[in-house]
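need coordinates for the below:
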Amino acid sequence: MAQTQRAQGPSDPEATGGDMSDSHDAPELWGNGGLVGDGRYRLTRRLGRGGMAEVFAAEDVRLGRTVAVKLLRSDLAEDPVSKARFTREAQSVAGLNHHAVVAVYDSGEDRVGNSTVPYIVMEIVEGHTIRDLLVNAEAPG
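Numbers count the residues shown, from 1 in each chain. All right, here's what the predicted structure looks like:
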């Protein structure tokens, strides 16, 4: 779910491929001036984006560790159905304890611009996206 450049689940970003370093990738443009969770998480780089959410690497400034922060897209933050789906995902994943599933550390909502945007804070894991694995897999011969 929060694996670096890996996507799983209904609102997780899919690997977008290509260069993601456009003018919207300045950290201060993400979250609330680059911060989420009342300033606890400092967003450092975007890991991926998809239909409903964006995932960022972030520094947990309180505990001094790197985490992944998933933010519901701000244009969907006012949609009650999208918001409920995102919240259910956080609750469902937080209830899991398995070596193949990332740990959920925190979740909440934060003001971003004029919207209240939900977020999920997760363990960050280095790896590849499922999409990358499928694209790079050898075709059966």
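
mind listing what's buried along the lengthiest helix in the chain?
Using DSSP state H, we find that the single longest helix of the chain is helix 80-94. By 16 or more other C-beta atoms under 10 Å, the buried positions in helix 80-94 come out as 82, 83, 85, 86, 89, 90, 93. Just so you know, the C-beta spots here come from the backbone N, C-alpha and C atoms, and that holds for glycine as well.

please apply the same query to stretch 89-109.
Neighbour-count burial for stretch 89-109 [16+ other C-beta under 10 Å]: 89, 90, 93, 102, 103, 104, 105, 106, 107, 109.

and the buried residues of helix 80-94, which is closest to residue 61?
Closest to residue 61 out of the buried residues of helix 80-94 is residue 90 (20.9 Å), distances taken as C-beta to C-beta.

just how off-centre is stretch 42-53 within its chain?
5 Å (C-alpha atoms, centre = their mean, to the nearest Å).

actually stretch 86-100, not the one I wrote
How far stretch 86-100 lies from its chain's middle: 13 Å, per C-alpha atoms, centre = their mean.

restricted to strands, list the buried residues of stretch 89-109.
The strands, defined by DSSP state E, take in 104, 105, 106, 107, 109 from the buried residues of stretch 89-109.

using the three-state scheme, assign the closest residue in space to the third one that isn't next to it in sequence.
Going back to what we said before, that points to residue 106. Excluding the flanking residues, the one nearest residue 106 by C-beta to C-beta, 6 or more residues apart in numbering is residue 121, at 3.9 Å. Under DSSP: H, G, I helix; E, B strand; the rest coil, the three-state class of residue 121 is strand.
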